[in-house]
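Novice: Generate a structure from the sequence data that follows.
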Amino acid sequence: MSPNQKLSHTRNIGIIAHIDAGKTTITERILYYTGRVHRMGEVHNGEATMDWMQEEKERGITITSAVTSCNWEGHTLNIIDTPGHVDFTIEVERSLRVLDGAIGVFSAVEGVEPQSETVWHQADRYKVPKIAFINKMDRIGADFFRTVGMIKDRLRARPMILQLPWGAEENFMGIIDLLEMKAITWEEETLGAEYEETPIPSELEEEAFKYREILVEALADQDDAIMEKYLSEEEIDIKMLKQAIRTATVDLKAVPILCGSALRNKGIQPLLNWIVDCLPAPPDIPPIVGHVPKSGKKESRPAHLKGPFSALAFKVIMDQGRKMTYIRIYSGTIRVGQMVYNPGKNVKEKLARLLRMHSNKRERMDQASAGEIVAVMGLKLSTTGDTLCSEDKPILLEPIQFNEPVISIAVETKQVQDQDRLVDALGKLMDEDPTFKYRIDEETGQTIISGMGELHLEIIIGRIKREFFVDTNQGKPQVVYRETVQKTVRHEEIFQRELAGQQHFAGVKIEISPLPRGRGNRFVDRCESPELTEDFLDAIKEGIEDATGSGDLMGYPVIDVEAALLKVQINEMTSDTMAFRVAASMAFRNAFKQADPILLEPIMKTDILIPEEFMGEVIGDLNSRLGKIEQVTTKGPVQDLTAKVPLSKMFGYSTALRSASQGRGTFSMQFSHYDNV
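Specialist: Numbers count the residues shown, from 1 in each chain. You can find the predicted model right below:
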């Protein structure tokens with residue numbers, strides 16, 4: 001296969017969904033049918049290939065996104081299986097940033113769940129083309145068309161039904177292919193490896209013709225050649241229809257809908273065929289765009305093997321104490337032992353090893369090129385979101401956005417002599433996971449760890465014990481608050497001091513004012529002094545940024561404040577950047593004290609699924625937690641309740657919900673916004 005052909009035969013795809021929709025089970029089937037593994041592992045037995053961490057095996061959930069590759073019909077598929085739990089959204093975020101296509105998995109029973117919406121919108125933000133696979137068609141309560149309706153209404157997607165289910169629940173037999181107009185059933189004895197194509201059963205023919213007509217009409221709207229044949233009632237070639245489906249998918253105009261039951265081994269091979277036929281290869285999507293570091297000019301890097309090397313480091317893991325970095329290569333080729341340049345940190349690093357990953361197993365490689373997702377050893381300073389490129393043609397790609405932690409607990413070692421090992425372990429875990437932070441409180445000397453939720457911190461503590469052999473005690477979870485101001489204040493600060501025999505002088509006048517919730521902080525330069533140099537302005541900006549790191553009330557970070565620079569005083573002899581940085585920081589802190597500062601607390605969007613008979617009790621409990629109920633919708637036998645509740649009132653909620661609903665209620669929670677305490 002020629003190098004360019006190899007590139008067009010590559011698919012980088014992710015499997016995204018709500019927790020328990022069947023992502024890992026689908027990945028296991030894909031690996032089995034493509035011959036990558038010779039035995040199917042099941043999530044419920046703790047034997048799934050992609051769930052390799054001990055915590056994943058014990059809990060039966062995916063915690064870390066795992067990368068693997070396999071071959072199907074002459075194509076290489078690089079697959080990332082992502083977690084569905086809201087505490088690990090970073091794993092989905094960083095995976096989608098480097099993928100070319102995604103498979104959204106939906107349970108035919110629950111339909112579109114809250115976390116499915118979150119990950120789907122993450123994929124929309126990165127303009128990732130998607131296929132929807134409606135799984136669990138064999139389960140009681142499975143409803144294909146209700147799920148399609150939810151995909152249309154909740155995700156604002158345009159569904160393009162390519163398959164219909166043949167039966168449902170215990171009568172689920174197989175699928176009806178609307179393109180080829182045939183039925184497909186799977187052999188139980190071969191674990192679904194063999195399947196049979198038969199004519200569509202007579203009782204389903206009418207429905208199949210109806211939905212094929214809808215599909216062809218939708219494609220005719222988008223493709224003039226198909227429209228011509230459709231209007232003159234000519235036979236339309238299947239190849240032509242497939243090409244139109246692919247174009248609509250890659251251009252984000254429609255989402256192909258497939259169905260099956262991964263656990264019963266039905267529907268996976270057609271899904272693989274559609275991944276190859278529908279989802280884009282690296283050259284099919286717009287080239288990645290970045291900035292040239294010194295000039296700031298925009299530059300794009302098309303997926304080309306002979307182009308200048310560029311890649312994004314999207315994940316770091318600690319492997320037996322050594323750092324392994326996952327990278328997506330966008331252009332060019334690299335070899336083992338080569339030096340690469342990190343323009344963000346302005347450092348050169350040597351690639352000691354290149355590895356092709358299969359979950360946590362690895363294969364050594366001599367070289368890797370555009371379109372590949374590989375792991376590298378030897379990068380000491382590069383972390384998640386850093387660009388790697390060739391030094392003679394530098395480019396800086398857009399970094400990955402991370403959510404800030406919302407929950408903290410204090411940890412201490414059981415043995416005093418383990419303190420250094422704890423700090424070392426926390427540093428390594430923070431390198432791996434940018435949504436996890438730790439700090440040592442200056443006043444109390446306590447080690448505080450912060451993360452995205454109770455489960456996130458529970459897993460971190462488990463890993464400290466298991467991987468770093470450090471036993472810890474934990475305090476109660478604490479909420480990470482924010483601070484802001486309520487009124488506009490002007491303040492002038494003069495900094496004049498002699499340090500190490502040298503005079504330093506700077507005068508800064510600023511105005512701080514509140515911004516609407518969720519806007520973040522903003523710095524505005526309204527100073528018209530001709531003496532204000534770029535260096536002094538940068539120093540003032542840095543000083544204000546330093547000051548927003550901790551507010552005056554309780555030392556929490558300051559958000560939603562605009563700081564405007566109005567005036568500066570400069571002395572040619574004694575003014576320098578250090579003086580301006582200090583003056584700006586002092587000006588902000590003093591203005592903040594006068595601007596009616598208040599505390600803000602994180603408000604969580606909470607989705608609760610409960611049988612109808614427990615509604616009264618659950619709503620009463622939410623009211624006592626100062627929750628605001630936003631909507632209640634009926635989903636078959638259960639009620640779906642959406643509410644906004646302060647995080648501080650949600651600790652231990654899983655136990656309260658269990659007892660209020662006799663163990664039948666479930667809930668998921670994600671950060672919504674900050675609001676007044």
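
Novice: how far away is residue 104 from residue 661?
Specialist: 29 Å (C-beta to C-beta, to the nearest Å). Using the backbone N, CA and C atoms, a C-beta is placed for each residue, glycine as well.

Novice: So these two - more neighbours on which side?
Specialist: A count of neighbours by other C-beta atoms under 10 Å puts residue 104 above the other of residue 104 and residue 661, at 27 against 21.

Novice: Excluding chain neighbours, give the residue nearest to that one in space.
Specialist: Among residues not flanking residue 104 along the chain, residue 132 sits closest, at 4.9 Å (C-beta to C-beta, 6 or more residues apart in numbering).

Novice: now swap in residue 584 and tell me
Specialist: Residue 584's closest residue in space is residue 543 (C-beta to C-beta, 6+ apart), at 3.1 Å.

Novice: Now for that neighbour: which residues touch it?
Specialist: 508, 580-585, 587-588 (C-beta atoms under 8 Å, 6 or more residues apart in numbering).

Novice: With secondary structure and neighbour count added, can I get those residues in TSV?
Specialist: Output for those, formatted as TSV (DSSP: H, G, I helix; E, B strand; the rest coil; neighbours: other C-beta atoms under 10 Å):
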residue	secondary structure	neighbour count
508	strand	30
580	helix	29
581	helix	23
582	helix	19
583	helix	28
584	helix	30
585	helix	23
587	helix	29
588	helix	25
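
Novice: now, which of the residues you listed sits nearest residue 383?
Specialist: Among the contacts of residue 543, residue 581 lies closest to residue 383 (C-beta to C-beta), at 25.8 Å.

Novice: returning to what we had before: double-check that the residue nearest to residue 584 belongs to a helix.
Specialist: Yes - under DSSP: H, G, I helix; E, B strand; the rest coil, residue 543 falls within a helix.

Novice: I'd like the distance between it and residue 523.
Specialist: Residue 543 sits 10 Å away from residue 523, taking C-beta to C-beta as the criterion.

Novice: for residue 613, same thing?
Specialist: Applying C-beta to C-beta to residue 613 and residue 523 gives a distance of 55 Å.

Novice: Compare these two (neighbour count), which wins?
Specialist: Of the pair residue 613 and residue 523, residue 523 is the one with more neighbours under other C-beta under 10 Å, namely 18 against 11.

Novice: Show me what the helix or strand containing the more buried one packs onto, helices and strands only.
Specialist: Assigned by DSSP states H and E, residue 523 falls within strand 522-525. For strand 522-525, the packing partners by 3 or more C-beta pairs under 8 Å, 6 or more residues apart in numbering; DSSP states H and E come out as helix 534-548, strand 561-569.

Novice: Recalculate using a threshold of 6 Å.
Specialist: Judged by 3 or more C-beta pairs under 6 Å, 6 or more residues apart in numbering; DSSP states H and E, the packing partners of strand 522-525 are strand 561-569.

Novice: Show me how far the strand it packs on is from its chain's centre.
Specialist: From the chain centre to the centre of strand 561-569 is a distance of 36 Å (C-alpha atoms, centre = their mean, to the nearest Å).

Novice: list the buried ones in that strand?
Specialist: Residues of strand 561-569 classed as buried: 561-569 (neighbour count, 16 or more other C-beta atoms under 10 Å).

Novice: So in that sheet, which strands flank that strand, and in what orientation?
Specialist: strand 502-514 (antiparallel), strand 522-525 (parallel) (DSSP bridges).

Novice: Run through who's touching it.
Specialist: The contact list for strand 561-569 (C-beta atoms under 6 Å, 6 or more residues apart in numbering) reads 485, 507-513, 515, 521-527, 529, 532, 540, 544.

Novice: Return the angle between stretch directions for it and helix 534-548.
Specialist: Here strand 561-569 runs at an angle of 140 degrees relative to helix 534-548 (axes from the mean of the first three to the mean of the last three C-alpha atoms, to 10 degrees).

Novice: so who does the residue nearest to the spatial centre of the chain touch?
Specialist: Nearest to the geometric centre of the chain sits residue 93, at 1.7 Å (C-alpha atoms, centre = their mean). Contact partners of residue 93, counting by C-beta under 6 Å, 6+ apart, are residue 122.

Novice: would you list every one of the helices in the stretch 201-350 of the chain?
Specialist: 202-222, 224-231, 238-250, 268-278 (DSSP state H, counting those that start in this stretch).

Novice: From the contact counts, what lies against the first one?
Specialist: The criterion is 3+ C-beta pairs under 6 Å, 6+ apart, and the helices and strands that helix 202-222 contacts are helix 224-231.

Novice: Could you check how far the helix it packs on is from the centre of its chain?
Specialist: 40 Å.

Novice: tell me the angle of it relative to helix 238-250?
Specialist: Using the same axes, to 10 degrees: helix 224-231 against helix 238-250 is 130 degrees.

Novice: can you list contacts of helix 224-231?
Specialist: 219-220, 236, 244.

Novice: and with 8 Å instead?
Specialist: With contact meaning C-beta under 8 Å, 6+ apart, helix 224-231 is reached by 216-217, 219-221, 235-236, 240-241, 244.
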